[in-house]
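*Asks:* Fold the following and give me the result.
(one chain, ligands or ions: 1)
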Amino acid sequence: MKVKKNTRQRSEQMQQVSAGLRDVLGMTQWRKEHPKATWAEIEAAVDERINQLRAQLIQDVVQMGENKEWREMPQEERPRCATCGKPLWARGEQTRYLQTNGGEAVKLTRTYGACPQCGVGFFPAFMRS
Ligand SMILES: [Zn+2]
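*Replies:* Numbering: from 1, shown residues only. The predicted structure is shown next:
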């Protein structure tokens, strides 16, 4: 197999992040315990941990925008009814799981909203998926 040269230099920041992650993800320890690991075994071990990290990172970033507790926001800042424009009332939460490309599930919790005027209930469209 012809190996494509990596002409694009990885940034110094990425090298530092990797060095830190190697310890945090337990790869430094793993490597000591598997001194004869093959390329494929190393790749699989890294993938497994990165996929978990990836799912957690996606979850955190999504919820940064999603999980502002809008039930506690002043009315004028709350999500509005798509039909009449009234601020929604919070009506409990729903949790669901989305599958990531890495095979890990991401947990999303969203507040269910209801319109006091039309009585229609829905999830405010912070994110479509
Ligand atoms: Zn409405």
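*Asks:* Where does the prediction get shaky in the protein?
*Replies:* Scanning the chain for pLDDT under 70 picks out the ranges 1-8, 65-69, 123-129.
*Asks:* Please identify the residues of it in proximity to the ion?
*Replies:* Taking CB under 5 Å from the ion as the contact definition, the chain meets the ion at 81, 83, 84, 86, 115, 117, 118. (Glycine included, C-beta is placed from N, CA and C.)
*Asks:* which residues does the second one contact?
*Replies:* Put plainly, it is residue 83. 115, 118, 120 (CB atoms under 8 Å, 6 or more residues apart in numbering).
*Asks:* Distance of it relative to residue 117?
*Replies:* Going from residue 83 to residue 117 by CB to CB, to the nearest Å gives 8 Å.
*Asks:* Now residue 90. Nearest residue, chain neighbours left out?
*Replies:* With sequence-adjacent residues excluded and distances taken as CB to CB, 6 or more residues apart in numbering, residue 90 is closest to residue 71, at 3.3 Å.
*Asks:* Run a quick neighbour tally on that neighbour.
*Replies:* 14 (other CB atoms under 10 Å).
*Asks:* Ok, residue 36 next?
*Replies:* Under the neighbour criterion other CB under 10 Å, residue 36 is assigned a count of 5.
*Asks:* does it count as helix, strand or coil?
*Replies:* coil (DSSP: H, G, I helix; E, B strand; the rest coil).
*Asks:* Now do the strands in the protein.
*Replies:* For the chain, applying DSSP state E gives strands covering 89-99, 105-114, 121-122.
*Asks:* hmm, back to that, now list the buried members of the residues of the chain next to the ion.
*Replies:* 81, 115 (16 or more other CB atoms under 10 Å).
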